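S.K.: Here's my sequence, what's the structure:
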Amino acid sequence: MALVKLNRLDESRSAARRLMEAFPTYTLTLQRQINPWLEKVFAERYVAALGVPE
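M.R.: Residues are numbered from 1 along each chain as shown. Sure, this is the predicted structure:
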């Protein structure tokens, strides 16, 4: 999340790939259950930067 806020999107994608390797069942639906986003604009940017399954 910090990398997205800093506009370091390539690094955020790399982190997301490592996340998916460690937790292959991770999805955006799960993320929303764990930590719902209040700021919709940021949430859209975050989701786009991550590139993980819905």
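S.K.: Point out the other helices and strands that the longest helix along the chain packs with.
M.R.: Secondary structure of the chain read by DSSP state H shows that its longest helix is helix 9-22. The helices and strands touching helix 9-22, judged by 3 or more Cβ pairs under 8 Å, 6 or more residues apart in numbering; DSSP states H and E, are helix 2-5, helix 40-50. C-betas here are computed from N, CA, C, even on glycine.
S.K.: give me the element Thr25 is part of.
M.R.: Counting by DSSP states H and E, no helix or strand carries Thr25.
S.K.: Counting neighbours, what do you get for it?
M.R.: Residues lying near Thr25 (other Cβ atoms under 10 Å) number 7.
S.K.: again, but for Gln33
M.R.: Neighbour count of Gln33, defined by other Cβ under 10 Å: 9.
S.K.: His16 against Pro53, yeah?
M.R.: Actually, residue 16 is Ala. It isn't His. No: at 10.5 Å, Ala16 does not count as touching Pro53 under the criterion of Cβ atoms under 8 Å.
S.K.: ok, those two, which is more surrounded?
M.R.: Shown here are Ala16 and Pro53; by other Cβ under 10 Å, Ala16 has more neighbours (18 against 12).
S.K.: on that earlier part again, got TSV for the helices and strands packed on helix 9-22, with distance to Arg32 and mean neighbour count too?
M.R.: Below are these laid out as TSV (distance: least, Cβ to Cβ, whole Å; neighbours: other Cβ atoms under 10 Å):
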stretch	distance to Arg32	mean neighbour count
helix 2-5	16	15
helix 40-50	9	15
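S.K.: Kindly reformat those as a markdown table containing mean pLDDT and distance to Thr29.
M.R.: Shown next, in a markdown table, are those (pLDDT from 0 to 100; distance: least, Cβ to Cβ, whole Å):
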| stretch | mean pLDDT | distance to Thr29 |
| --- | --- | --- |
| helix 2-5 | 83 | 19 |
| helix 40-50 | 79 | 11 |
